[in-house]
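1. My questions concern the predicted model and sequence given below.
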Amino acid sequence: MQSKGLIKFLVVVVSIACLYSLSFTFVTRKVERDAAEYAKGDMAKEKAYLDSIAGEEVYNLGLAKFTYREAKAHELALGLDLKGGMNVTMEISLDELIRNLANNPKDENFNKALESALQKSKSVNRSVVELFIEEYKASGAGTPLATFFATTDNASLIKGTSSDNEVRSFLNKEADNAIENSFKVLRTRIDKFGVASPNIQIQQGTNRILIELPGVNDEERVRNLLQGSAKLEFYETHDNYQVYPLLENLNNILASSLKSASPSTSTPVVTTTNDSTASDSVTNDDNLLANLGAAPKDSTDTAGISAELAASNPLFAVLNPATYMEQNGQPNLTPGAMVGIANLKDTARVNAYLNRPEVKANIPGNLKFLWSVKPEQRTPNFLSLYAIKTSGPENGAVLTGDVITDARDDFDQNNRPVVSMSMNTEGARQWRKITAQAAQNNRAAVAIVLDGVVYSAPSVNEEIPNGSSSISGNFTIEDTKDLANVLKAGRLPTTAKIVEEAIVGPSLGQAAIDAGVNSSVIALIVVMIFMVAYYNRAGIAANIAVLFNVFFLMGILASLNAVLTLPGIAGIVLTMGTAVDANVLIYERIREELGLGKSIRQAIADGYKNAMPSILDSQITTFLVGLVLFFFGSGPILGFATTLMIGIITSLFTSIFISRLIFEYMLSKDWKISVSFPWSANTLKNANFQFIKKRKVFYGISIIASIIALVAIFTKGFTLGVDFSGGRTYTVAYEQAVNLEDVRQNLDEVFGLTTEVKTFGSENQVRVTTTYHVEETSDEADAEVLAKLNEGLSKIEGNGYEILSSQKVGPSIATDIKDRAIWSGIFSVLIIAGYILVRFQKWQYSIGAAISTIHDAIILLGLFSILDGIVPFSLDIDQHFVAAILTVIAYSVNDTVVVFDRLREYLNKPNAHKEYFGDTVNSAINSTLSRTIITSLTIIFVLAVLFVFGGEVIRGFSFAILIGIVVGTYSSVFLAAPTVYDLRKNTSAVEEKPEKVKVVTP
């Protein structure tokens, strides 16, 4: 074995890297177990414990130390389906943006075109901007489109003479800016949630933003917060030297108050959560962030703050004030509105102190405190606190964001990042007055506030007469880009509405975890037992490789900060089955080499060498399907695709290299190596089935089965999942078993239309799907649907119930998901056919593989149609089914490619051109039959475990793959290679097998 030392080195390095990545998960789980033990079932107390130690060191590696917050950022996070929480897709209202850009014109053609475009966007996967321009052109309006957008505010961006293409470019750019800014605003809001491992990402190519909030259980407040309009405001500020005496007085009041209070009331009540900005304003005790998490522990538990300091200076123990020294009666302090800084973990405590009644009573009515949006570079773990003036109209805001006409990131004469800002005429007039007044006091600053947090508070040096300003500071280029986007948000406010929503309760999440762990452990045991039972001592080598494979897979997922979902666990379980595929190919080849009389050492070397083309081809085709799933899938399906692709890479590494190292070690110790038991040594060894001769029989079987499947598809059809059809679905658990028909009738009466009700797992759990208000995604529609649902469910008297999870999908999202599903299937077949064409240099192979995969898809779709409503579990066509059918295609091609590789090998032999082509194809199928059956059986065993123990959520998913593997194995053997024979036989050297002639002697 060449490069043995390098391979050993790689194994050690990868093992250490994976152990390092996984260690963070072990550490955070230990901290969370300690928190649970401390809280003894009190969730608020448990979250309070974790919040209080967020900034404390919990992991010391010697060379590096990590706080709980930092360790949490590196752990292998659990998805919503495992942890519970809320998944939301926000859609930015581009129609509103277009109207705002055109100053809300009254033109009938304009508004009709925009309304038509909005309606069409719900059924076709195209941009509102593109559809609007298309509809306006079709209206035959005489007014050029550019006329509407050539406003004073847009003067520098578009003219009245601009072409429609220029309008399109302008609108697309403004739409991208609006989406990007909404993303930043939502991310800032989410940072306040106190949610572990939140995820927010723009869905590229759309006007949607995906948000995942694990552990959130107050859905209504989350909805209100996420859908609230962002408001940009400019405030005058109090100077820090003016505020310090106030803070000192408040600190003394707190010390006295806490000292005299009883222990039960001495701890401030913190109604917000987070180790960042715990509230929009510390003087606003009725904000939407309340109760989304929990308070920090009481003050005597805070690490790093002594009890004596906390008692004598409670406020200054957690807030470092901007102190100053008097010189000749004048303050010696850097001018500014920043009055202090606090550690991220202490901001909630500062808010709690400042919200106490005795403290609020002493804060002037013209002052409120706001936090900065993020830490500065010089103080990475601290947020700044600002003193804002609140006198006058608009709650003290001297200017609002609608006066901004443009903002952009720029550089000053010294090449330092700055932000250039322009205002309209009214804004310039007000800005001149504001800056003139502020310039009289060189300490004055103006705070730029969005969503109740301070993005910047620049000092004003001089009067600005024309509304064009330059904002400078200790900015990075990224800072100026963010601030410019924030300023532009005030000019073009756009709303974001929830168009898709999924809520998973913690009990359902725990059930999913249990199912996932159980199925994984049982599948691993089944695979390991089978490999040893069939391949003897060689099976032990394969099992060690499988264990390394799972370890590497989990380590890489952790290093990538991937989120583990239930389909992701299914991917891990499938990886266990497919991990042995390469080993099976190698072992079957070793057995062939031994059959040729070679020594065990030579047979092992030649077995690995000759199996390599088949291993690579089969795994690459599966990887390509995983890639398609990754680009076209969303939500949990991304987790499955990620796991599948990483699993293929780790399987190749462990099967090819680690198992080989084990064999080399065995050989060096002169151990006896066996690749079979007496009973398995000759399994299908001399198989000589006449596949080509009987091919037309199997063609007929496949044609009949396909016709039956197509008839079922076009007559009976499918039950579409809510992500394909749109609507709302709920998982409900009753206290006792219920009659489905009773539940359905009650809900039909309430909703006034047919409701789908199916058993979900046990007899007391049902899944309800309704299209009531399917076109409406507003909060009001959600509330009405939920009220009617509860009305119908409660009619089952004497049987209490709980809604475990819910999902809402708007019509535009459903259309998008369906389109993605169709394209993913088309691309999968084309990519696989293209790869096979390149790899085998014959179009007949590509056609054979394509026919085989299309056949598998039709049969699987037909079975789902026929069995829907017959089997006692859901067979909805949804994203999980799409992932399943693409996985089936991948594994079907996997088997097919192994046969093709052997066929190519036989055809490359010196005398192949003299042999009958049908015999060559037969030999290729028969010689790989043992590998095909063993691999399929291994995967079938694993899938059977997943089907039985994997839980109700993925039962339909595992059933689809289980049936698909059986159908795929059939098509690989009986269709793919015979199709190549029929397409290529007329081009072969020996077209027909010569008939034997009987010679009669006279």
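-> In hand now; what should we look at?
2. What residues sit buried inside stretch 154-174?
-> N154, L157, I158, S162, E166, V167, R168, F170, L171, E174 (16 or more other C-beta atoms under 10 Å). All C-beta spots, glycine's among them, are computed from the backbone N, C-alpha and C.
3. from those residues, which two are the most distant?
-> Pairwise distances across the buried residues of stretch 154-174 peak at 14.5 Å for N154 and R168 (criterion: C-beta to C-beta).
4. and the helix or strand harbouring F959, what does it pack onto?
-> Secondary structure from DSSP states H and E places F959 in helix 955-971. Here helix 955-971 touches helix 566-595, helix 843-867, helix 879-907, helix 929-949, going by 3 or more C-beta pairs under 8 Å, 6 or more residues apart in numbering; DSSP states H and E.
5. I'd like those helices written out as CSV, with mean neighbour count and distance to I211 added.
-> Formatted as CSV, those follow (neighbours: other C-beta atoms under 10 Å; distance: least, C-beta to C-beta, whole Å):
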stretch, mean neighbour count, distance to I211
helix 566-595, 26, 19
helix 843-867, 22, 32
helix 879-907, 25, 18
helix 929-949, 22, 29
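6. Around G205, how many other residues sit close by?
-> 9 (other C-beta atoms under 10 Å).
7. what's the distance between it and I179?
-> Using C-beta to C-beta, to the nearest Å, G205 is found at 11 Å from I179.
8. Equivalent analysis for D748, please.
-> Computed as C-beta to C-beta, the D748 to I179 distance reads 40 Å.
9. Now for T206: which residues touch it?
-> D816 (C-beta atoms under 8 Å, 6 or more residues apart in numbering).
10. Apologies, that question was intended for R591.
-> Contact analysis of R591 by C-beta under 8 Å, 6+ apart lists G607, V675, S676, A681, K685.
11. which of D748 and I179 has more neighbours?
-> I179 (22 against 15).
12. Domain map for this structure?
-> 3-75, 89-229+497-501, 235-259+310-492, 505-716+815-986, 727-808 (the TED database).
13. any chance of those domains in TSV, with mean pLDDT too?
-> Putting the domains of the chain into TSV (pLDDT from 0 to 100) gives the following:
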stretch	mean pLDDT
domain 3-75	86
domain 89-229+497-501	82
domain 235-259+310-492	80
domain 505-716+815-986	86
domain 727-808	86
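14. L82: which of the ones you listed is closest?
-> Across those, closest to L82 is domain 505-716+815-986 (C-beta to C-beta), at 5.1 Å.
15. Determine the set of other helices and strands touching the helix or strand harbouring V454.
-> Element membership for V454, per DSSP H and E: strand 453-456. The elements that strand 453-456 packs onto, with contact taken as 3+ C-beta pairs under 8 Å, 6+ apart, are strand 367-371, strand 382-389, strand 446-450, helix 477-491.
16. of the ones you listed, which approaches G848 most closely?
-> With C-beta to C-beta as the criterion, G848 lies closest to helix 477-491 of the helices and strands packed on strand 453-456, at 52.7 Å.
17. now the very next helix or strand once past the closest one, how far from the chain's geometric center?
-> Downstream of helix 477-491, the first helix or strand assigned by DSSP H and E is strand 496-504. Put simply, strand 496-504 sits 14 Å off its chain's centre (C-alpha atoms, centre = their mean, to the nearest Å).
18. who does strand 496-504 touch, helix- and strand-wise?
-> Right, strand 496-504 is packed against helix 80-83, strand 85-92, helix 219-227, strand 801-809, helix 811-840 by 3+ C-beta pairs under 8 Å, 6+ apart.
19. Just the pLDDT at A230, thanks.
-> Listed pLDDT for A230 reads 64.
20. correction: T272
-> So, for T272, pLDDT stands at 31.
21. Show the contacting residues for the spatially closest residue to T853 that is not a sequence neighbour.
-> Nearest in space to T853, with sequence neighbours left out and distances taken as C-beta to C-beta, 6 or more residues apart in numbering, is I889 at 4.7 Å. Counting by C-beta under 8 Å, 6+ apart, I889 touches V625, G825, S828, V829, I832, T853, D856, A857, G968.
22. how about those residues, which pair is most distant?
-> Between any two of the contacts of I889, the greatest separation by C-beta to C-beta is 14.9 Å, found for G825 and G968.
23. quick one: which of the two has more around it?
-> G968 (31 against 19).
24. who touches that one in this structure?
-> G968 neighbours (C-beta under 8 Å, 6+ apart): S852, D856, V888, I889, Y891, S892, D895.
25. Repeat that for M528.
-> G539, N543, V546 are the contacts of M528 under C-beta under 8 Å, 6+ apart.
26. tell me which of these is nearest to F382?
-> Comparing those against F382 with C-beta to C-beta places V546 closest, at 48.0 Å.
27. Disregarding flanking residues, what is the spatial nearest neighbour of that closest one?
-> That would be A579: by C-beta to C-beta, 6+ apart, it lies 5.0 Å from V546.
28. ditto for F475
-> Closest to F475 by C-beta to C-beta, 6+ apart is P417, at 4.5 Å.
29. got it, and A146?
-> Leaving aside its chain neighbours, A146 sits nearest to S162 (4.0 Å; criterion: C-beta to C-beta, 6+ apart).
30. so which helix or strand takes in that neighbour?
-> Counting by DSSP H and E, S162 is part of no helix or strand.
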